[in-house]
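J.: Could you work out the structure for the sequence below:
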Amino acid sequence: MVDTFYVKDMFGLKLHQKPKQEALDRKLRAAIAEGAERAQGTPA
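T.: Sure, this is the predicted structure:
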């Protein structure tokens, strides 16, 4: 089973601009890493 979700801008449109996609990618990865650290009890 695979979970899929779509990320859209505030107008409900797909993110087509590469810089915005890359910025979102960085922010999501940082949030995931921070959540994983918290789950393990490691201070951020």
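
J.: And the strands in the protein, which stretches?
T.: Secondary structure of the chain by DSSP state E: no strands are present.

J.: Where does pLDDT dip in it?
T.: Within the chain, the set of residues satisfying pLDDT under 70 comprises 42-44.

J.: tell me, what residue is most central in it?
T.: With the centre of the chain defined as its mean C-alpha position, the nearest residue by CA atoms, centre = their mean is residue 28, 2.2 Å away.

J.: Relative to residue 22, how far out is that one?
T.: Computed as CB to CB, to the nearest Å, the residue 28 to residue 22 distance reads 11 Å. The C-beta positions use only the backbone N, C-alpha and C, and glycine is treated the same way.

J.: all helices for the chain, in order.
T.: When assigned using DSSP state H, the helices of the chain occupy the ranges 18-39.

J.: before we move on, the earlier item: from residue 20, how far off is the residue nearest to the centre of the chain?
T.: From residue 28 over to residue 20 (counting by CB to CB), the distance is 12 Å.

J.: what comes up buried for stretch 28-44?
T.: Neighbour counts over stretch 28-44 (16 or more other CB atoms under 10 Å) mark no residue as buried.

J.: chain center to that stretch: distance?
T.: Here the centre of mass of C-alpha atoms in stretch 28-44, compared against the chain's by CA atoms, centre = their mean, to the nearest Å, lies 13 Å away.

J.: Now that stretch - C-alpha only, PDB.
T.: What follows is stretch 28-44, C-alpha atoms only, in PDB (Å, rounded to 0.1, in the frame of the first residue of the first chain):
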ATOM      1  CA  LEU A  28       9.100  19.000   4.500                       C
ATOM      2  CA  ARG A  29      12.400  17.100   5.000                       C
ATOM      3  CA  ALA A  30      13.400  19.400   7.900                       C
ATOM      4  CA  ALA A  31      10.000  18.900   9.600                       C
ATOM      5  CA  ILE A  32      10.200  15.100   9.200                       C
ATOM      6  CA  ALA A  33      13.700  15.100  10.600                       C
ATOM      7  CA  GLU A  34      12.700  17.200  13.500                       C
ATOM      8  CA  GLY A  35       9.600  15.000  14.200                       C
ATOM      9  CA  ALA A  36      11.800  11.900  14.100                       C
ATOM     10  CA  GLU A  37      14.300  13.500  16.600                       C
ATOM     11  CA  ARG A  38      11.400  14.400  18.900                       C
ATOM     12  CA  ALA A  39      10.000  10.900  18.700                       C
ATOM     13  CA  GLN A  40      13.300   9.500  19.700                       C
ATOM     14  CA  GLY A  41      13.600  11.900  22.600                       C
ATOM     15  CA  THR A  42      16.600  13.700  21.100                       C
ATOM     16  CA  PRO A  43      16.600  17.400  21.800                       C
ATOM     17  CA  ALA A  44      16.400  19.600  18.700                       C
END
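
J.: I am finished for the moment; much appreciated.
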